[in-house]
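K.L.:
What follows is a predicted protein model with its sequence.
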Amino acid sequence: MTIKLTRRRFVTTGASLAGLALAGCTTTSETAGPVHPLAMFDAAFAKNYGARPGEQFPVPALDPKVLPPEFRRQRVAYRTDEPAGSVIVDTRTFYLYLVEPDRTAMRYGVGLGRQGFEWSGRARVAWKRPWPKWTPPDSMIAREPHLEKWSVRNGGMPPGLGNPLGARALYIFEGNIDTLYRLHGTNEPHSIGKAVSSGCVRLINQDVIDLYDRVRPGAPILVT
């Protein structure tokens, strides 16, 4: 049975937001100087979130302070009845899972739709694009008229680091109907682990590039 994509309420409590904060500690020393930001990089972080100079629009390295460790890309043990290759978005935890064989998944931290714009259900990744244009839907333009300049009628916003869809976009359809929801990159990395967008699922640009390379067109997607 097909579950229709629906918009539903999603309430983020103050306590859950507090749990997303990046913890830190300081060391007092008479001789110690400031710690250079590069010292915070480890090998895995540098590999996953370093600069991407070969991209059409070179992607800068990510500051590790922006992305808490719990939202960094990693392979995890994961049990599900969904087949390998499926994408599962867990809105309770702000995680996206790409299901792999042998009960593992590649897990990514995501940002989600703000209250009143969340969605859930089953659909598919119909197609995907690198460095896409962005064309806000008419419903968004009605709420935010200044976006009219980027409408379909005006050709949309050109691709680039300032484009809200970021480095990649995966387009979500139900059957042959475009749901207008996307899995996409973001130029606001601080939004990962929060509910701030107008319904779409956003990832760090380095993560959406990785996801794009792994997900096949037609892959099923489940949002819970």
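P.N.:
Happy to help now that I have it. Numbering: from 1, shown residues only.
K.L.:
Okay, residue 157 and residue 149: tell me how far apart.
P.N.:
With the distance defined as C-beta to C-beta, to the nearest Å, residue 157 ends up 8 Å from residue 149. Every residue, glycine included, has its C-beta placed from N, CA and C.
K.L.:
Could you point out the helix or strand that follows the helix or strand of the chain with the lowest mean pLDDT?
P.N.:
In the chain, no helix or strand scores lower on mean pLDDT, DSSP states H and E than helix 14-19, which sits at a mean of 30. As assigned by DSSP states H and E, the chain's next helix or strand after helix 14-19 is helix 43-49.
K.L.:
Give me the buried positions along that next one.
P.N.:
Using 16 or more other C-beta atoms under 10 Å as the test for burial, helix 43-49 gives 45, 48, 49.
K.L.:
So for it, mean pLDDT?
P.N.:
Helix 43-49 shows a mean pLDDT of 92 in the predicted model.
K.L.:
who does the longest strand along the chain pair up with?
P.N.:
Ranked by number of residues, the top strand in the chain under DSSP state E is strand 118-130. With DSSP bridges as the test, strand 118-130 is paired with strand 6-8 (antiparallel), strand 168-174 (antiparallel), strand 220-223 (antiparallel).
K.L.:
and the next element down the chain from it?
P.N.:
Where DSSP H and E defines the elements, the next helix or strand beyond strand 118-130 is helix 138-143.
K.L.:
neighbour count winner among residue 157 and residue 149?
P.N.:
residue 157 (19 against 13; other C-beta atoms under 10 Å).
K.L.:
Thank you, goodbye.
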